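Undergrad: below: sequence and its predicted model.
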Amino acid sequence: MLEKDFKETFINIKKEIINTQTQILSDANIRLINLYFKLGKIINDNSKWGDKFIDTLEVELKVDFPTIKGFSARNLRRMKKFYLEYKDEEILPPAVAKLPNKLLSNVYVLSFIDLRNCY
């Protein structure tokens with residue numbers, strides 16, 4: 001009988017660990033999406049500098065954060081597009097931020113609000 005309680009306790013501990021890991025990943029995803037949105041706004045606000053701003057930003061970010069990936073000029077342009085697509089939507093950040101990163105990369109290229117709302 002004690003062995004059964006032991007196993008149940010271990011199962012419960014494992015469930016708690018998995019639930020916490022899932023919550024941490026979800027929270028991190030929400031924060032990352034919010035960062036992309038904010039960076040997109042900053043890039044858009046500085047569009048008077050043209051592509052030179054994005055190209056220079058890419059270099060600066062690589063120098064200051066050499067171990068962090070995802071801030072290529074291509075991705076920075078996507079962040080700008082992401083901001084422009086969602087800036088007037090009330091659903092951001094909560095609904096969009098909960099999308100998995102893989103799905104979000106597909107949302108970057110969608111230009112019709114009706115299609116985005118399907119997600």
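TA: Yes, it's here.
Undergrad: skipping its backbone neighbours, what lies nearest L84 in space?
TA: Nearest non-adjacent residue to L84, counting by Cβ to Cβ, 6 or more residues apart in numbering: N44, 6.3 Å away. Every C-beta, even on glycine, is put in place using the N, C-alpha and C of the backbone.
Undergrad: what mean pLDDT does stretch 65-85 get?
TA: Taken as a whole, stretch 65-85 has a mean pLDDT of 94.
Undergrad: roughly how far apart are E60 and K15?
TA: As for E60, its distance to K15 is 44 Å (criterion: Cβ to Cβ, to the nearest Å).
Undergrad: ok, T67 next?
TA: 33 Å.
Undergrad: who has more neighbours, these two?
TA: Higher neighbour count among T67 and K15: K15, with 10 against 4, using other Cβ atoms under 10 Å.
Undergrad: per-residue pLDDT of the more buried one, please?
TA: 95.
Undergrad: who are the contact partners of it?
TA: Residues near K15 by Cβ atoms under 8 Å, 6 or more residues apart in numbering: none.
Undergrad: how close does N34 sit to D88?
TA: N34 is 17 Å from D88, by Cβ to Cβ.
Undergrad: of those two, which one has the most company?
TA: N34 (14 against 8).
Undergrad: in which helix or strand does that one reside?
TA: Per DSSP states H and E: N34 is located in helix 2-45.
Undergrad: hey, C-alpha coordinates of the helix or strand that that helix is followed by in CSV?
TA: Downstream of helix 2-45, the next assigned helix or strand under DSSP H and E is helix 51-64. What follows is helix 51-64, C-alpha atoms only, in CSV (Å, rounded to 0.1, in the frame of the first residue of the first chain):
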residue,chain,number,x,y,z
ASP,A,51,16.8,50.0,-44.8
LYS,A,52,20.0,51.4,-43.4
PHE,A,53,18.4,51.5,-39.9
ILE,A,54,17.5,47.8,-40.0
ASP,A,55,20.8,46.8,-41.4
THR,A,56,22.7,48.8,-38.8
LEU,A,57,20.4,47.5,-36.0
GLU,A,58,21.1,43.9,-37.1
VAL,A,59,24.9,44.5,-36.8
GLU,A,60,24.5,46.3,-33.4
LEU,A,61,22.4,43.5,-32.0
LYS,A,62,24.8,40.9,-33.1
VAL,A,63,27.7,42.7,-31.5
ASP,A,64,25.8,43.3,-28.2
